[in-house]
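[1] Pasting the sequence and the predicted model now:
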Amino acid sequence: YRRLVDLSPDPIIVHSDERIVYIKQAGLKLLGAVNAEQILGRRILDFVHPDAIATINNQIRQIYLEGNDAPLIEEKFIRLNGEIIDVEVAAIPFTYHEKPAIQAVIRDITERKRSDVKLRKSEERYRAFVEQSSEAIWRFEIEKPVQVNSAEDEQIDQFYECTYLAECNDVMAQMYGYSH
């Protein structure tokens, strides 16, 4: 079991009586520590963003009282340098040195969240461009592939048979007598 934990690429932290009693190297990196002494013995809540403390406290309480695994949740943690990071956390009840404890697996999702924001903003810009354009813009969906090795006339026939208008802007709709 210990070997499996050591091989895991995700940070794993064990805390007992609200104090961190075990942290692997990936956890040190996640929290911005150089060595384990900077983390061991500290309260787990020292690294939880104030907005998430109530949620984390509730989960800790449920794990200890009911012995149930905590489902994967997204939260914000705070590194030693004060940087706020987005994380996913899953936790299970655990026994560490014959004492009740919680083992948490943590994944840094900060970059994924940043990418999601960038993608959403890009989609919003695209949507605004399409909606505000004075030109007709449309998008077709193809239900099954058009055979590119067929004769040109056959490809055109297949295109008409296998595609449909998935979306268009108001300009295009108005050109054909429709309104949004």
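    Looks like it came in fine. These figures come from a predicted structure and were not determined experimentally. Numbering: from 1, shown residues only.

[2] Low-confidence stretches in the chain?
    Applying pLDDT under 70 to the chain picks out residues 1-7, 180.

[3] One more pass at 80, please.
    When residues are selected by pLDDT under 80, those of the chain lie in 1-9, 180.

[4] Pull out the buried positions in the longest helix seen in it.
    Looking across the chain with DSSP state H, the single longest helix is helix 110-132. For helix 110-132, the buried set under the neighbour-count rule, 16 or more other CB atoms under 10 Å, comprises Val130. C-beta: built from backbone N, CA, C; applies to glycine.

[5] Tell me how far that helix lies from the chain's centre.
    Relative to its chain's centre, helix 110-132 lies at 16 Å (CA atoms, centre = their mean, to the nearest Å).

[6] what does stretch 104-112 give?
    Chain-centre distance of stretch 104-112: 8 Å, with CA atoms, centre = their mean.

[7] Need the distance between the two termini of it.
    End-to-end distance for stretch 104-112: 20 Å, by CA to CA, to the nearest Å.

[8] same thing with stretch 10-23?
    Start-to-end, stretch 10-23 (CA to CA) is 11 Å.

[9] For that stretch, which outside residues touch it?
    Residues outside stretch 10-23 that contact it (CB atoms under 8 Å, 6 or more residues apart in numbering): 5, 24, 26-27, 29-31, 36, 39-45, 60, 94, 96-97, 99-108.

[10] This completes my enquiry, with thanks.
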